[in-house]
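1. just a sequence and a predicted model for now, questions to come.
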Amino acid sequence: MHQFLFLLFGAFCVGGAINLLVQKKTINSALSLIVVMGSLALIYLLLGAEFVAVVQVIIYAGAIMVLYIFVIMLLNAGAEEESKGSNVAKIFGIPGLFAGGMIGIWVLLQHRPEDKLIPIGALYGPADQVGMMLFTKYLLAFEVTSILVLIAIMGAVVLARRSNS
Amino acid sequence: MIPISWYLLLSAFLFACGVTGFLIKRNIITLFMSIELMLNGVNLSFIAFATRLGTLDGHIFVFFVMVVAAAEAAVGLAIIISVYRTRETLNVDRVNLLKL
Amino acid sequence: MTPLFQLWLVPILPLIGALTNGLLGKRFSKSAVATVALTATAASFVVACIQAAILLQSGSPALEQYYGTWIQAGNFSVNFGIYLDHLSLIMMLIVTGVGFLIHVYSVAYMEHEGGYYRFFSYLNFFMFFMLTLVLANNYLLMFVGWEGVGLASYLLIGFFFLKDSAANAGKKAFLTNRVGDFGFLIALFLLIQHFGTLHYGTLFVVQNSSLSHMPTETSAGVLTAIGLLMLVGACGKSAQIPLYVWLPDAMEGPTPVSALIHAATMVTAGVYMVCRSNAIFSRAPIALLAVAIIGTLTSFFAATIGITQTDIKRVLAYSTVSQLGYMFMAAGVAAYSASVFHLMTHAFFKALLFLGAGSVIHGIGGEQDMRKMGGLRKYMPWTFWTMLIATFAIAGIPPFAGFFSKDEILWQVFSSPHGSKIFWLMGAITAFMTSFYMFRLIFLTFTGEYRGAKPDAHSSHGSDDQGHGTPHESPWLMLAPLVLLGVLSIVGGWVGIGNRFEHFLDPVIQKVSTEQVSAQNGEAVTTPVGEGEGAAGESKSLENILMGVSVLIAFSGLALAWFLYVKRPELPEQIASSLGGVYRLVLNKYWIDELYSAVIIGPLVAFSRIVLWQTIDQKVIDGTVNESAVAARDVSQVIRQQQSGLVRSYAGWIAAGAAAVVAYMVWMGTR
């Protein structure tokens, strides 16, 4: 059961990722990214990270991707233009991908003792426990990220302003 | 019962897709979306290791990654908007004023 | 307070005068400048006289005074110090006395020239360095004075620096002096290396001790080398062959400069140096012989050129070279006293001759060519009589000063064991020529009819002076020094009567017997030598015979000159044209200047230009710098391809780098 669920949601992830690369229209790429994120949220649930899964859906898929789609619509980004592109990217990207694929297959075919089998929901990460850690062990980082968000807001407002207003 | 390596493999695959998209795509917004894909792949890797090691620190880290990703997305999209206003194009190859 | 505490004033007073006039003189009036300069020189002369009296009364051979250490380097040290013995006493008195008279003369002579304050500043500057030269107690301080007088000479020769010929003459003087200085410096280095000191007292004591005290590495070879190199230095400064070429050109400077520097004082520095180093020369017979040979050749050679010259100052310049040759000839036979005696009398009459020539030039409005003079006797009586006195002196006619000194030299050259009859013969012929051309000068200038520009409305302005039309006598400020020097030219030689002067310099001269020298050289022992020794009676009559011969020679020169230039003035031209090529050779100074230019200067300049400038400087040094810049630019051309401005190529590079790092970590992890 665990394997079936994992393979199903994994297939959704893989499919979405490949679709993102393949599509010519930007809006299609954005939508397939949303599919990837949703599938990932489900996989998080498989691993028992329920807080993170919910945050993924709300923040990532629900806020960030909506923002992307918003900008795509605003800028009317249609189909991608055809242009020459960078040779360096072609030289390094394709063999790199190939190498990555080979490593992955090699890992998959191995059985190592530290490669533990874990059941569904092996580590249960509810919100209260996560919150407890956030506010005790990682308090400083938490506060700092709030400032980071503030700066990001200010930066976004300043950058996107029209200059002659 | 699934070996951890399968989760890690999926994470690696998502990351690789992100890198490939970053290198291949010409639209700026698609470039940024590839970056988000890379971050998601890394998040999965964190959660998987957290489960493997039995602590919740990985979850916390994922939380922070998401916060940073949100901030970065906001600022990045603001930059894209202002680049679009000046250069009238979303093709990253046209934004080459720094060419020597 | 030692008796010599004031001796440092003697050189310092002119220095103060020079600095005052040099720095502030532009704002002074002419009389203020003159007052400063004259006061400095007169005060220096007075102090010098006082110090001379102190030394002579104290009866000691020398007095020395230290003023502090200059250089201290390990075992080698050099002090500031003053050494006053009989030799430097004479030099000091000559420099300050004659210098003062020439300063007085210059006040009137340079009245109409620009740069008045600059002239007196340079003159005082020269006095300071010359006094440093003669009063120093070690060779290095003497060298400071040596170089300084060369500098002052350059500044003063090129005083009219807007004239090309004057500037070139100054340059030529300085460069020729430099060649001599090079030799002198090498001699100093050898002295330091072998004796470890440059101090007169220490050096000459070391050499005075017996042979067993000498360090084993010192031999007659080293002393000969030192002597010969010092001779090179003296040739440069005292205008001997082959470095005399600057002195005739130096006549471009104002006439007081010629009188002071190129007649009385600076050119005698070489003679002074040779006499000061008599301990070295007496132990190096080869060097001594070289001195004598060069002196003789120079005096003969310059006298032949002097016969044909038409510029009044050029004649006097070659005469100076010739008389300096006499001094060197005397020093070369170890007759140092005679050499210094002639130096003293020569200072008197040569300065007088130059100042008189200046008076003549001033009086006829700047003309220097003797062919345009004549009959000036009735216009300038004072100048005529004083110059006549000086001419009698230089010709060697008794009882004037030159007779005693020149005769002493000829006698020493004849009789000294270092001398030879050939030297005497050439000296005698030179004396004849000297008498001839000097009286030729007098007759051409002062007798007959005036051949110059007639006074009329179109009389042009001379280069030295405003044109006044009629020749006229000079102001009394110029005549007074002439009269004083005239008196000195008469009485100056009388100190030499009865060989008193000879023994005056005895404390300075070391008696080195040829026994010592020969044993040093490993030769057989010969008879000892001193000065003027020998069988008393026989040499006395021989001396008198030779004295009579010199007088006869002087008078015959006078007679020949009178015959050719007063009685039959058309003869000289006929003789000149009949001699043709020989005459032209001598008239053009044996083409020596042209020879130097072609053989030495030409190749040197070409080497400088082609090898040093074009090849090394332009191609190698500039080329290296330029090529490295070009290389940097080419390399950067290649590297900047990476800055393509394309985001995606940057992304590609980042991805490649990240992949490399990951691969490395995987590899480290699997190890």
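-> Now that the structure is in, tell me what you want to look at.
2. hmm, residue C:355 is touching residue C:480, no?
-> No: taking contacts as C-beta atoms under 8 Å, residue C:355 lies outside contact range of residue C:480: 10.5 Å. All C-beta spots, glycine's among them, are computed from the backbone N, C-alpha and C.
3. out of these two, which sits in the more crowded spot?
-> More neighbours sit around residue C:355 than around the other of residue C:355 and residue C:480, counting by other C-beta atoms under 10 Å in any protein chain shown; the figures are 32 against 15.
4. next, that one: phi, psi?
-> Reported as degrees, to the nearest 10, the phi and psi values for residue C:355 are phi -60, psi -40.
5. from residue A:152, how far out is it?
-> Using C-beta to C-beta, to the nearest Å, one obtains 100 Å as the distance from residue C:355 to residue A:152.
6. try residue C:439
-> Look at residue C:439 and residue A:152: by C-beta to C-beta, they are 114 Å apart.
7. pick out whichever of the two has more residues nearby.
-> The residue with more neighbours, out of residue C:439 and residue A:152, is residue C:439; 25 against 20, by other C-beta under 10 Å.
8. quick check: nearest residue in space to that one, chain neighbours excluded?
-> Across the structure, with C-beta to C-beta, 6 or more residues apart in numbering or on different chains as the measure, the residue nearest residue C:439 apart from its sequence neighbours is residue C:561 (3.6 Å).
9. which strands and helices sit next to the helix or strand that contains the one you found?
-> Assigning secondary structure by DSSP states H and E places residue C:561 in helix C:536-562. Using 3 or more C-beta pairs under 8 Å, 6 or more residues apart in numbering or on different chains; DSSP states H and E as the contact criterion, the elements in contact with helix C:536-562 are helix C:381-395, helix C:401-415, helix C:421-446.
10. run a quick neighbour tally on the closest residue to chain B within the stretch 551-671 of chain C.
-> Among the residues of the stretch 551-671 of chain C, residue C:645 lies nearest to chain B; the distance is 2.8 Å by C-beta to the nearest C-beta. When neighbours are counted by other C-beta under 10 Å, residue C:645 registers 13.
11. then the one 4 residues further on?
-> For residue C:649, the neighbour count with other C-beta under 10 Å is 22.
12. low-confidence bits of chain B, can you list those?
-> Chain B contains residues with pLDDT under 70 at B:99-100.
13. where do the strands sit along it?
-> For chain B, strands defined by DSSP state E occupy the ranges B:2-3.
14. for it, which segments count as helices?
-> Read by DSSP state H, chain B holds these helices, from start to end of the chain: B:4-24, B:28-53, B:57-87.
15. equivalent analysis for chain A, please.
-> In chain order, chain A shows helices spanning A:2-22, A:26-46, A:50-55, A:65-75, A:87-108, A:127-136, A:139-160, with DSSP H as the criterion.
16. packing partners of the second one?
-> Here helix A:26-46 is seen to pack against helix A:2-22, helix A:50-55, helix A:65-75, helix B:4-24, helix B:28-53 when contacts are counted using 3+ C-beta pairs under 8 Å, 6+ apart.
17. do that again at 7 Å, thanks
-> helix A:2-22, helix A:50-55, helix A:65-75, helix B:28-53 (3 or more C-beta pairs under 7 Å, 6 or more residues apart in numbering or on different chains; DSSP states H and E).
18. same question, the third one
-> Using 3+ C-beta pairs under 7 Å, 6+ apart as the contact definition, the elements that helix A:50-55 packs against are helix A:26-46, helix B:57-87.
19. helix A:139-160 and the longest one, what's the angle between them?
-> What separates the directions of helix B:57-87 and helix A:139-160 is an angle of 10 degrees, with axes from the mean of the first three to the mean of the last three C-alpha atoms, to 10 degrees.
20. do stretch B:32-46 and chain C meet?
-> No: legend: contact between stretch B:32-46 and chain C by C-beta under 7 Å from any C-beta of the partner chain is lacking; minimum distance shown is 9.8 Å.
21. once you drop chain neighbours, what's closest to residue C:449?
-> In space, and not counting its chain neighbours, residue C:449 is closest to residue C:375: 4.8 Å by C-beta to C-beta, 6+ apart.
22. spit out the contact partners of the one you found.
-> Residue C:375 sits next to C:447-450 when contact means C-beta atoms under 7 Å, 6 or more residues apart in numbering or on different chains.
23. 8 Å - rerun?
-> For residue C:375, the contacting residues are C:446-451, taking C-beta atoms under 8 Å, 6 or more residues apart in numbering or on different chains as the criterion.
24. filter those to the buried ones?
-> C:446-448, C:450 (16 or more other C-beta atoms under 10 Å in any protein chain shown).
25. if we can go back for a sec, which of the helices and strands packed on helix A:26-46 sits most buried?
-> Mean neighbour count, computed with mean count of other C-beta atoms under 10 Å in any protein chain shown, is highest for helix B:28-53 among the helices and strands packed on helix A:26-46, reaching a mean of 23.
26. helices and strands around that helix, which ones?
-> Contact here means 3+ C-beta pairs under 8 Å, 6+ apart; on that basis helix B:28-53 packs against helix A:2-22, helix A:26-46, helix A:65-75, helix B:4-24, helix B:57-87.
27. okay but residue C:287 is in contact with residue C:234, surely?
-> No: taking C-beta under 8 Å as the definition, residue C:287 is not a contact partner of residue C:234, at 10.9 Å.
28. so what pLDDT did the closest residue to residue C:202 other than its chain neighbours get?
-> By the measure of C-beta to C-beta, 6+ apart, the closest residue to residue C:202 outside its immediate chain neighbours is residue C:195, 7.7 Å from it. Note for residue C:195: predicted pLDDT of 79.
29. residue C:195: neighbouring residues, count only.
-> Here the neighbour count serves as a burial measure; for residue C:195 (other C-beta under 10 Å) it reads 18.
30. before we move on, back to that, make JSON lines out of the contacts of residue C:375 and add pLDDT.
-> Converted to JSON lines, the contacts of residue C:375 look like this (pLDDT from 0 to 100):
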{"residue": "C:446", "pLDDT": "85"}
{"residue": "C:447", "pLDDT": "81"}
{"residue": "C:448", "pLDDT": "76"}
{"residue": "C:449", "pLDDT": "76"}
{"residue": "C:450", "pLDDT": "76"}
{"residue": "C:451", "pLDDT": "73"}
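31. how about the secondary structure of residue C:65?
-> Counting by DSSP: H, G, I helix; E, B strand; the rest coil, the backbone at residue C:65 sits in strand.
32. show the pLDDT at it.
-> The predicted local confidence for residue C:65 is 80.
33. close to chain A, is the helix or strand hosting residue C:635?
-> In the assignment (DSSP H and E), residue C:635 maps to helix C:623-639. No: using C-beta under 8 Å from any C-beta of the partner chain, helix C:623-639 stays clear of chain A, coming no nearer than 15.2 Å.
34. surely residue C:471 is in a helix?
-> No: note on residue C:471: no helix contains this position according to three-state DSSP, which reports coil.
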